[in-house]
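> kindly return the folded structure for what I paste below:
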Amino acid sequence: MGSRISARIGAISESATLAVDAKAKALKAAGRPVIGFGAGEPDFPTPDYIVEAAVAAARDPKNHRYSPAGGLPELKQAIADKTKRDSGYEIEASQVLVTNGGKHAVYNAFATLLDPGDEVLLPAPYWTTYPETIRLAGGVPVEVLADESQNYCVTVKQLEAARTSKTKALLFCSPSNPTGAVDSPEAVEAIGRWALEHDLWVITDEIYEHLTYGDVRATSIPVAVPELADKTVVLNGVAKTYAMTGWRVGWLIGPKDVIKAATNLQSHQTSNVCNIAQRAALAAVSGDLSAVDEMKAAFDRRRRTMVRMLNEIPGVECPEPTGAFYAYPSVKGVLGKEIAGRTPTSSSELADLILDEVEVAVVPGEAFGAPGYLRLSYALGDDDLAEGLGRVAKLLS
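Numbers count the residues shown, from 1 in each chain. Alright, predicted model coming up:
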């Protein structure tokens, strides 16, 4: 008798970041003083004007009914307007598909573009969801590792070395989850020119576009290489910019034939995204960026504190992230040493030890295709951040 679960679904790994966050919250609920660095979500509430838009929408009977599967027309137009305003990429509303969060956008993109056996170049460290969605779509993720010596930014030379006759697409994410790295405008253009030369699709995740620090700015690849637009799919959403992770509104931007096909897929998957959440997202993308500017100031402060405290720990090396809200330190210098009577030989074992001994939750690099590292989010309160890092420093020093 065969397995009760299909091979396709049985092969999916649990989201490591959500698993760590769930474990930390369960321990906290049990009364343990756990500090969690696992979740990739702002600790701020959604801005009031966005919440009020949702409240008003809930009272309007027109939002109690089905709406177009591809998104409210006014939201699609607002996303087109926002995209031109924020990244300089000029598109039409017909090039937008509104999805149930960013993950849904990722899945729809790969499901629409990939045939069985198609290879997707996947710069590592990568967000845990990318390889799973590529495999679900029948594709083959081909990992291309960029380590701390190159500030976690993959090069054209590395990508070219990994390209084969089966390569169909490149997944590109800058600012990066999990590393916080931001590719320079020159690097983005070079990668775009290389993809254009080899007739590859580019799926570019711009969910952290506004979370950059100092003079660093995110560059949108179809803006850097306009000729690439016809083979580019842009992924984005309101989750990180507006502290709306739980509202579940994301989107795809792409050529009209791709968006039409992805919309057809979504019409059978989920129909429309919740109308109340769409109305809230409309208020978010139509408004200014003052809310994100306030959050960025806090993230920047926490970023500098975290990097300093991590680099003070013997055996830990942490490049300064310039985007998103993650630090991604190498802990290779800690592995193999005895700590609290145990000798961790992998970052996964080290993460377990840290949670057991000092009740601090971090995500090991194995989850991101790069063993020997930890990911820590600095999207948590200043006091918890200092306390948690202090506990880790005391344990490892």
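> pull the longest helix from this structure.
Longest helix in the chain, counting residues (DSSP state H): helix 290-311.
> let me see the mean pLDDT of the next helix or strand after that one.
Counting by DSSP states H and E, the next helix or strand C-terminal to helix 290-311 is strand 326-327. Per-residue pLDDT over strand 326-327 has a mean of 97.
> in the helix or strand that comes right after strand 326-327, what's buried?
Reading on from strand 326-327 to the C-terminus, the next helix or strand found by DSSP H and E is helix 347-358. The neighbour-count check on helix 347-358 (16 or more other Cβ atoms under 10 Å) flags 347, 348, 349, 350, 351, 353, 354, 355, 357, 358 as buried. C-beta coordinates here come from the backbone N, C-alpha and C atoms, glycine included.
> can I get those residues in CSV including pLDDT?
Below are these laid out as CSV (pLDDT from 0 to 100):
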residue, pLDDT
347, 94
348, 92
349, 93
350, 95
351, 94
353, 94
354, 95
355, 93
357, 94
358, 96
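> turn the residues you listed into TSV, including distance to residue 286.
Shown next, in TSV, are the buried residues of helix 347-358 (distance: Cβ to Cβ, whole Å):
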residue	distance to residue 286
347	42
348	43
349	48
350	45
351	41
353	47
354	43
355	42
357	48
358	44
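> got the CA coordinates for the longest helix of the chain in CSV?
Presented in CSV, the C-alpha positions along helix 290-311 are these (Å, rounded to 0.1, in the frame of the first residue of the first chain):
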residue,chain,number,x,y,z
SER,A,290,6.1,58.2,6.7
ALA,A,291,5.1,55.1,8.6
VAL,A,292,8.0,53.1,7.1
ASP,A,293,10.4,56.0,7.8
GLU,A,294,9.6,55.8,11.5
MET,A,295,10.1,52.0,11.6
LYS,A,296,13.3,52.3,9.6
ALA,A,297,14.8,54.6,12.3
ALA,A,298,14.2,52.0,14.9
PHE,A,299,15.4,49.2,12.7
ASP,A,300,18.6,51.1,11.9
ARG,A,301,19.3,51.6,15.6
ARG,A,302,18.8,48.0,16.4
ARG,A,303,20.8,46.9,13.3
ARG,A,304,23.9,48.7,14.6
THR,A,305,23.5,47.4,18.1
MET,A,306,23.1,43.8,16.9
VAL,A,307,26.0,43.9,14.6
ARG,A,308,28.3,45.4,17.3
MET,A,309,27.2,42.9,19.9
LEU,A,310,27.5,39.9,17.6
ASN,A,311,31.0,40.9,16.4
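> gap between that helix and the chain center?
18 Å (Cα atoms, centre = their mean, to the nearest Å).
> residue 210 and residue 4, how far apart?
44 Å (Cβ to Cβ, to the nearest Å).
> tell me which of these two has more neighbours.
Taking other Cβ atoms under 10 Å, residue 210 and residue 4 do not tie; residue 210 has more neighbours (20 against 6).
> for that one, helix, strand, or coil?
At residue 210 the chain is in coil, as set by DSSP: H, G, I helix; E, B strand; the rest coil.
> in the stretch 151-300 of the chain, which spans are helices?
156-162, 185-197, 221-224, 256-269, 275-286, 290-311 (DSSP state H, counting those that start in this stretch).
> in the last one, what's buried?
Right, helix 290-311. Residues 291-292, 295-296, 298-300, 302-303, 306-307, 309-310 are the ones in helix 290-311 that count as buried (16+ other Cβ under 10 Å).
> ok, of the buried residues of helix 347-358, which one's closest to residue 285?
residue 351 (36.1 Å; Cβ to Cβ).
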